[in-house]
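Undergrad: Build me a model from this:
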Amino acid sequence: MGQGVSTASWLVPVLAFLGGVLGGSLSFLAARAGNNQREMQGRREEWGRRFTAALTAVGDPDPRRRQLGRALLVQLAKSALASDEERQVADRLLNEDMRYDPNRTGLPAQDDDPELDAITFIEDDEANEHGTGSEGGRP
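TA: The predicted structure follows:
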């Protein structure tokens with residue numbers, strides 16, 4: 001009888017090799033995914049620090065720093081790292097900042113509200129004349 005190589009004798013090393021390649025590949029992919037996740041988390045944390053710095057600068061009394069803060073806030077809102085909610089917050093902040101007048105001491109003007117026009121204000125003197133004051137209608 002001839003001494004041939006049996007299937008089992010060459011199949012075991014080939015399967016062991018393929019198992020090693022598969023295991024190594026899966027380990028590599030898992031490590032790469034973990035690294036990408038850590039990198040993205042670090043980038044988001046840096047975005048948050050810059051967003052906080054921009055907010056601080058927008059509220060600064062120095063006009064130059066306020067301008068730089070607004071410019072940074074615009075760029076951060078355009079970033080792919082910003083979520084939709086964060087973009088909306090940045091847009092609202094920029095809109096409010098545009099309406100802010102540092103020389104004005106009163107509250108900012110409110111948008112026109114039709115319900116506000118329907119409100120009737122009664123002063124205390126008028127209420128007492130009509131008998132609806134806090135003293136039960138006595139003068």
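
Undergrad: contacts, neighbours, all on C-alpha from now
TA: Will do.

Undergrad: And the host helix or strand of Ala33, what does it pack against?
TA: In this assignment (DSSP states H and E), Ala33 forms part of helix 7-58. Applying 3 or more C-alpha pairs under 8 Å, 6 or more residues apart in numbering; DSSP states H and E, one finds that helix 7-58 contacts helix 63-78.

Undergrad: Could you export the helix or strand following the helix it packs on as CSV, CA atoms only?
TA: Under the assignment DSSP H and E, the closest C-terminal helix or strand after helix 63-78 is helix 84-99. As requested, the backbone C-alpha atoms of helix 84-99 are provided in CSV (Å, rounded to 0.1, in the frame of the first residue of the first chain):
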residue,chain,number,x,y,z
ASP,A,84,-29.7,68.8,15.4
GLU,A,85,-30.8,69.9,18.9
GLU,A,86,-27.4,71.6,19.4
ARG,A,87,-27.7,73.4,16.1
GLN,A,88,-31.1,74.7,17.1
VAL,A,89,-29.8,75.9,20.4
ALA,A,90,-26.9,77.7,18.6
ASP,A,91,-29.3,79.3,16.1
ARG,A,92,-31.6,80.5,18.9
LEU,A,93,-28.6,81.9,20.8
LEU,A,94,-27.4,83.7,17.8
ASN,A,95,-30.8,85.2,17.0
GLU,A,96,-31.2,86.4,20.6
ASP,A,97,-27.7,87.8,20.6
MET,A,98,-28.5,89.8,17.4
ARG,A,99,-31.5,91.3,19.1
